[in-house]
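**Q** Using only what follows, build the 3D model:
(6 chains)
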Protein chains: 6
Amino acid sequence: MAEPEMGLETMARFLGSENVQGSRAYLEQLDPELHRHIIDFVYGEVYAGDVLDPKTRALCTVAMLACLGQQLQLGVYVRSARRQGASEEEIREVLRQVAVYAGFPSAWNALATSKRAMEDFDEVAS
Amino acid sequence: MAEPEMGLETMARFLGSENVQGSRAYLEQLDPELHRHIIDFVYGEVYAGDVLDPKTRALCTVAMLACLGQQLQLGVYVRSARRQGASEEEIREVLRQVAVYAGFPSAWNALATSKRAMEDFDEVAS
Amino acid sequence: MAEPEMGLETMARFLGSENVQGSRAYLEQLDPELHRHIIDFVYGEVYAGDVLDPKTRALCTVAMLACLGQQLQLGVYVRSARRQGASEEEIREVLRQVAVYAGFPSAWNALATSKRAMEDFDEVAS
Amino acid sequence: MAEPEMGLETMARFLGSENVQGSRAYLEQLDPELHRHIIDFVYGEVYAGDVLDPKTRALCTVAMLACLGQQLQLGVYVRSARRQGASEEEIREVLRQVAVYAGFPSAWNALATSKRAMEDFDEVAS
Amino acid sequence: MAEPEMGLETMARFLGSENVQGSRAYLEQLDPELHRHIIDFVYGEVYAGDVLDPKTRALCTVAMLACLGQQLQLGVYVRSARRQGASEEEIREVLRQVAVYAGFPSAWNALATSKRAMEDFDEVAS
Amino acid sequence: MAEPEMGLETMARFLGSENVQGSRAYLEQLDPELHRHIIDFVYGEVYAGDVLDPKTRALCTVAMLACLGQQLQLGVYVRSARRQGASEEEIREVLRQVAVYAGFPSAWNALATSKRAMEDFDEVAS
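**A** Numbering: from 1, shown residues only, chains lettered A, B, ... in the order given. Got it, this is the predicted structure:
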């Protein structure tokens, strides 16, 4: 299986290296074992693959989280998609498509979450 | 709003022009009004935008349908993603990521649907 | 609480008295306790109220089952809605609205289930 | 396709003409394109049909949103159902039925949302 | 069917007799009929069975509510599971398993809800 | 992280050692990488813990899969729960409780899947 270093490196690429320490502290107090699974399995295995370019991968994550109504994690991955080079308009276009597959309320809620996340991203980046 | 021609043209781009007549005949006997909404709104409006490249758009659709467990439409969009130039391995990588967000059974079911859809695609293409 | 007779009477009103024996035999072999809960609670309590007219109640059930993707029970309640006087077109209109709230694949699947259920209903009724 | 006027007129009928400007301003800042789809497709096409009477349509929307756990939009449509003439008790009866199809927590959450929405409606109406 | 006394006794066993009055007052103002269904059907029938030991039953409820994303009721049943003798670590282990079946965001959200509920439980118990 | 041996040993305990080869062959042709994640992460990490006794763990899995409507995997875990010593009646009791949290159609579908899975289990065991 993947080395822990691989997981941390991949996490830094998707969440931003300046956010890794905060994210890990949050996860550690939530549950040390889930924390370990996220580093080793989610980032060390699934996200570590190089078959998909990081921007496409992050946009697919945004699509999934919007359909599942997982607003907290959606905010994180909207910022990640911006970090991987997705434009605001590309993210919005993915979220409009959510209306077709998961209904208008899911698209609407996701666009509201996304708007706040993109404002946060711009503020930090500026 | 979009012209009906735009909807049909976009539908042909995503589903393959050789499949448009069959798809429309199926939709028409199912419900003429839903048929019209799919041509005018889904393809004539949402899919007609050019902000996302067609391959990324189709992969996001695959991601959404797998999370929602919509196997019938997933098969259609796995073939569409192949038609837009996504490799088998890129599609599989999106579906493995479904395990992280919607659980292993959803990823497993989607990979089974996808395997059959990719075999059909290769058969017709060869 | 409701008398068992109330439950059976309400079940007969919604499913058709000619279908009660078959439905109960099916439920009994599936699980005698769930069978009892369906007669006593679902039909003896929830469906026994007279606040909603039976046609509106059945259409709301159709709306719920379509959003939840429960095709088996949807078929039963499409026939029930027809029995309570809903037209084919009213049922279709509810199911088209599913596209707005739960997405096009849910509406499409529900319209396919509904089409078969309405054909069965017409066949028996003719 | 429907004229934009049709969408605005239908939106006013369901949401109350005094609420249209506020709703549109909210949608416009969220995403101008989703705003346009809601006027043109949701209200201009789906809701514009006259097959269902407006009260039945609004109660079916309440049923769907409660099953999907979409609390924000549920509040809007509980008020819309009241505006179309549904009594408080009819709305509650639909939501109790949600317990049968989507489980007690969904019914409970929907009744809590509905209680607040009905109080708001009465306050404005009085 | 079950006597109302059975429902109240079972509710007290699962929620704690000191919490019954408050829970009932909340449910009564929400909807008297749903209140009655929860006492008579949920506690008087389903929870009153003695086939499952109470701890296993409460852990299965925790598993279900976490998969369904019903955070409010999850908090109640995490405390109930503690009351039936489940350790904090057993509850966490169930919730980690949620990552496998319903995805990491559902497990994460459930662990956050559970952490707060277990702190409340300890505070009251101490 | 866990050794692969741990994953295979845990998989054998839950699925039955006589079923491991068949399950792995199925997973391998579906997707070698998902196969690896199921052995290393699902069985090598999550299921390998000893905080929960295997019977309680399997019953929680049954509860989750029934709420999520994942019938294929539910059949596998109903047999696993029987293998860990759960009685038919305990499994049924968990599934009746699904009616409370995810609605009657989910409970009904799960009891139908479970009935077939328990018959298969008895046949092989006899």
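**Q** Please determine whether stretch A:69-82 lies in contact with chain D.
**A** Yes - interface with chain D: stretch A:69-82 contributes A:G69 (CB under 8 Å from any CB of the partner chain). Where you see a C-beta, it was placed from the backbone N, CA and C, and this is true even at glycine.
**Q** chain center to that stretch, what's the gap?
**A** Relative to the centre of its chain, stretch A:69-82 is centred 5 Å away, using CA atoms, centre = their mean, to the nearest Å.
**Q** May I see the buried residues of that stretch?
**A** A:69-71, A:73-82 (16 or more other CB atoms under 10 Å in any protein chain shown).
**Q** anything in it near chain E?
**A** Yes - contact check for stretch A:69-82 against chain E, using CB under 8 Å from any CB: residues in range are A:G69, A:Q70, A:L72, A:Q73.
**Q** Which of those residues fall in helices?
**A** Secondary-structure check on the residues of stretch A:69-82 next to chain E using DSSP state H: residues within helices are A:L72, A:Q73.
**Q** Pull up the residues of chain A that are close to chain B.
**A** Remark: the part of chain A in contact with chain B comprises A:42, A:46-47, A:49, A:51-52, A:56-57, A:59-68, A:70, A:73, A:87, A:89-90, A:92-94, A:96-102, using CB under 8 Å from any CB.
**Q** Save the buried residues of stretch A:69-82 as CSV, and put in distance to B:S17 and pLDDT too.
**A** As requested, these are arranged in CSV below (distance: CB to CB, whole Å; pLDDT from 0 to 100):
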residue, distance to B:S17, pLDDT
A:G69, 36, 98
A:Q70, 37, 98
A:Q71, 39, 98
A:Q73, 39, 97
A:L74, 36, 98
A:G75, 40, 97
A:V76, 40, 97
A:Y77, 35, 97
A:V78, 35, 98
A:R79, 39, 97
A:S80, 36, 97
A:A81, 32, 98
A:R82, 36, 97
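**Q** Specify which member of the residues you listed is nearest to C:E123.
**A** Minimum distance to C:E123 across those is 40.3 Å, recorded for A:G69 (CB to CB).
**Q** so what's the closest one closest to, chain neighbours aside?
**A** A:S106 (6.1 Å; CB to CB, 6 or more residues apart in numbering or on different chains).
**Q** got it, and A:A12?
**A** Using CB to CB, 6+ apart, the closest residue to A:A12 is A:V20 (5.1 Å).
**Q** pLDDT on the helix or strand containing the one you found, on average?
**A** Secondary structure from DSSP states H and E places A:V20 in helix A:17-30. The average of the pLDDT scores along helix A:17-30 is 95.
**Q** Kindly report the same for stretch A:46-62.
**A** Averaged over stretch A:46-62, pLDDT sits at 97.
**Q** which other residues reach it?
**A** Stretch A:46-62 has contacts (CB atoms under 8 Å, 6 or more residues apart in numbering or on different chains) with A:2, A:6-7, A:10-11, A:13-14, A:74, A:77-78, A:80-81, A:83-86, A:90-91, A:94-95, A:114, B:56, B:59-60, B:62-63, B:87, B:89-90, B:92-94, B:96-97, B:99-101, F:37.
**Q** Show me these that map onto helices.
**A** For the contacts of stretch A:46-62, membership in helices holds for A:6-7, A:10-11, A:13-14, A:74, A:77-78, A:80-81, A:83, A:90-91, A:94-95, A:114, B:56, B:59-60, B:62-63, B:89-90, B:92-94, B:96-97, B:99-101, F:37, with DSSP H as the criterion.
**Q** For the residue nearest the centre of chain A, give me its contacts.
**A** Geometric centre of chain A, nearest residue: A:Y77, 2.2 Å, by CA atoms, centre = their mean. A:Y77 makes contact with A:A58, A:T61, A:V62, A:L65 under the criterion CB under 8 Å, 6+ apart.
**Q** Can you add neighbour count and give those residues back as CSV?
**A** What follows is the contacts of A:Y77, written out as CSV (neighbours: other CB atoms under 10 Å in any protein chain shown):
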residue, neighbour count
A:A58, 24
A:T61, 25
A:V62, 28
A:L65, 27
